[in-house]
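Enquirer: Pasting the sequence and the predicted coordinates here, then a few questions.
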Amino acid sequence: MYFKKMIGEKCYLSPINVEDYEECTKWINDMEASIGMVFASGLITPIQERQILDGLTNTDFNFAIVDLETDELIGTIGFPKVDYINRVAEFGIFIGNKDYWRKGYGVEATQLVLDFGFNILNLNNIYLKVYSYNHPAIKCYKKAGFKEAGRIRESKQIAQEKYDEIYMDILAKEFKSIYIKDLVEKRKFK
């Protein structure tokens with residue numbers, strides 16, 4: 001079961017359901033889906049994935065991405081690391097359901113979680129790491145407003161090639177609210 005915490009036009013963010021561990025295990029072990037992720041080289045069992053999801057539910061700001069029309073799980077998104085003192089968080093997204101690739105769901109889910117991060121958690125900087133060969137992810141992040149902040153050159157070797165690890169970030173002052181601001185405005189006039 002999913003609960004609509006942040007709602008977009010295509011998808012919504014819900015607390016993670018640990019019972020989705022079998023579906024997530026399939027995605028994580030699918031090399032096509034996980035090749036851009038840090039965990040691509042690992043073998044994840046259903047027991048391990050259940051523990052991972054349980055850990056994500058115990059940290060406050062990780063969500064399931066769910067199709068608004070069908071209530072089908074698409075992936076996960078959130079802030080695996082949050083520095084509350086300096087108001088900085090690391091961002092992560094994994095869309096494991098390949099039926100939803102390149103259709104705008106990643107951009108919308110990213111914008112929703114950024115809105116939550118900047119306007120509810122009052123973060124100032126949200127950053128991510130991505131490998132230079134992951135062109136679809138980089139395109140998604142740029143559409144959502146992230147900018148390249150730096151890179152570690154040739155830090156990833158895969159298929160006999162070397163790739164950079166790119167750091168991207170977005171500041172609160174660079175982000176335009178798409179959801180929270182509308183909710184606040186509606187409350188003002190009631």
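Expert: Received the coordinates, thanks.

Enquirer: Excluding sequence neighbours, find me the nearest residue to the residue nearest the centre of the chain.
Expert: Per CA atoms, centre = their mean, the C-alpha nearest to the average position across the chain is that of residue 93, at 2.3 Å. Distance criterion CB to CB, 6 or more residues apart in numbering; nearest residue to residue 93, sequence neighbours excluded, is residue 77 at 4.4 Å. C-beta: built from backbone N, CA, C; applies to glycine.

Enquirer: just residue 3 next, same as before
Expert: Spatially, and ignoring its direct neighbours in sequence, residue 3 is nearest to residue 14 (5.0 Å; CB to CB, 6+ apart).

Enquirer: can you pull the contacts of the one you found?
Expert: For residue 14, the residues meeting the contact criterion (CB atoms under 8 Å, 6 or more residues apart in numbering) are 2, 3, 4, 5, 63, 64, 66.

Enquirer: same check, this time on residue 83
Expert: Residues near residue 83 by CB under 8 Å, 6+ apart: residue 89.

Enquirer: From residue 59, how far out is it?
Expert: Distance of residue 83 to residue 59, given as CB to CB, to the nearest Å: 13 Å.

Enquirer: what does residue 130 give?
Expert: 21 Å.

Enquirer: just residue 104 next, same as before
Expert: Per CB to CB, residue 104 is found 27 Å from residue 59.

Enquirer: Please list the outside residues in contact with stretch 63-75.
Expert: Defining contact as CB under 8 Å, 6+ apart, one finds that stretch 63-75 is touched by 2, 5-17, 20, 23, 27, 76-78, 93-97, 100, 105, 109, 113.
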